[in-house]
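In: The sequence and its predicted three-dimensional model are supplied below.
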Amino acid sequence: MAETATHTADHASEHGHETSTGLTNNKLAMWLFLGSECLLFGGLISTYMLYRGRVSDGPHPMAIFDIPFTSVSSFVLLMSSLTMVLAVSSAQRGDDSRTNLWLTITAVLGATFVGGQVYEFTAFIREGLGFSTSLFGSSFYTLTGFHGIHVSVGVLMLLSTVGIIRKNKITGNKAEVVELVGLYWHFVDVVWIIIFTLVYLIPS
Amino acid sequence: MSTSTEQHEHGMTDAGYIKIAIILAAITALEVSTYYVDFGPLFMPSLMIMMVVKFVMVVSYFMHLKFDSKIFTFLFYTGLGLALFVYITALATFKFFIS
């Protein structure tokens, strides 16, 4: 217990904040936010699981999913988690140029993933799966669309972080700012890990 | 904190992160292989196990939960546990698990 208290106190002093928990409030808030996001995506995933077999007159999931294409997209997003953690590592070493390089690469990988999702949606619509075609279509587009919006927001956060680091506008702990963006980005990745398995790989 | 340019504040080096990423990529390749190869009765359990392993690896190593304060672990896994409980109950209510 005493060891934990020492650890948290050290942790707080590293980041230059004094709080009753010994932890930075920003990071605590981000973890709370991510915990609550589990409930949001849990609801969307459960709804999809319930309705994925309700195809009405529209196409069946396994008839339209392009697994090789989605696998490549998943790989791209997974690798963006590596580049993100390397950005955090560089930020903690105080290496701004490498931090910006890794953040930019992460943003490019994220944008590539979003681009892939837009292409996938376009292909599905061409094959007859609209948002209101069936309950499967509605729940699929809602789930993957929400995730895509999260990735897009993440890309904007990454690019904004690159901008403010370049202009030296971060007044507080720079490494912590990058770490917080990283936490959000990794969360988006772990949500996709679940979606890829439950939505794409497990047939209804 | 080490003066080494490779040393990470939370106890992992960049090389360590790359190793984790390689393991994650290998697991993803194995997951995708289930689409082409018939895993028989192991299909569903193997996919679920691989999904959980990838999830835990990203959260533990890339998000630093393994090295960070246990309060963060508590906050995140409480949200996750609550989500699992609520939605598994909801799915059971709709007889999702009865084939």
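Out: Received the coordinates, thanks.

In: Would you map the helices across the chain?
Out: Assuming you mean chain A. A:2-14, A:25-51, A:61-64, A:67-92, A:96-126, A:135-166, A:174-195 (DSSP state H).

In: Can you look at chain B instead?
Out: Counting by DSSP H, the helices of chain B are B:14-36, B:43-57, B:70-93.

In: how much does the second one deviate in direction from helix A:174-195?
Out: Using axes from the mean of the first three to the mean of the last three CA atoms, to 10 degrees, the direction of helix B:43-57 lies 180 degrees away from that of helix A:174-195.

In: surely residue A:98 meets residue A:83?
Out: No. Assessed by CB atoms under 8 Å, residue A:98 is found out of contact with residue A:83, at 10.9 Å. C-beta coordinates here come from the backbone N, C-alpha and C atoms, glycine included.

In: neighbours around whichever residue of chain A sits closest to chain B, how many?
Out: Here chain A gets closest to chain B at one residue, residue A:35, 2.5 Å apart by CB to the nearest CB. Residues lying near residue A:35 (other CB atoms under 10 Å in any protein chain shown) number 21.

In: Then residue B:49?
Out: 12.

In: How about residue A:169?
Out: As a burial measure, residue A:169 scores 8 neighbours (other CB under 10 Å).

In: What of the one 3 residues further on?
Out: When neighbours are counted by other CB under 10 Å, residue A:172 registers 12.

In: go on, residue B:63?
Out: 29.

In: Contacts only, for it.
Out: A:182-183, A:186-187 (CB atoms under 8 Å, 6 or more residues apart in numbering or on different chains).

In: How about the contacts made by the residue positioned nearest the centre of chain A?
Out: Per CA atoms, centre = their mean, the C-alpha nearest to the average position across chain A is that of residue A:188, at 1.7 Å. Shown in contact with residue A:188 (CB under 8 Å, 6+ apart): A:77, A:147, A:150-151, A:154.

In: ok, 6 Å please
Out: Residue A:188 makes contact with A:150-151, A:154, according to CB atoms under 6 Å, 6 or more residues apart in numbering or on different chains.

In: What subset of these is buried?
Out: A:150-151, A:154 (16 or more other CB atoms under 10 Å in any protein chain shown).

In: Is it possible to get a markdown table of those residues that adds pLDDT and distance to chain B?
Out: What follows is the buried ones among the contacts of residue A:188, written out as a markdown table (pLDDT from 0 to 100; distance: CB to the nearest CB, whole Å):
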| residue | pLDDT | distance to chain B |
| --- | --- | --- |
| A:150 | 97 | 15 |
| A:151 | 97 | 15 |
| A:154 | 97 | 14 |
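
In: would you list these in a markdown table and tack on distance to residue B:47?
Out: Rendered in a markdown table, the data for those read as follows (distance: CB to CB, whole Å):
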| residue | distance to residue B:47 |
| --- | --- |
| A:150 | 23 |
| A:151 | 23 |
| A:154 | 26 |
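
In: related to what we said a few turns ago, excluding sequence neighbours, find me the nearest residue to the residue of chain A closest to chain B.
Out: In this structure, residue A:35 finds its nearest non-sequential neighbour in residue B:79, 2.5 Å apart by CB to CB, 6 or more residues apart in numbering or on different chains.

In: Give the burial count for the one you found, as a bare number.
Out: When neighbours are defined as other CB under 10 Å, residue B:79 has 21 of them.
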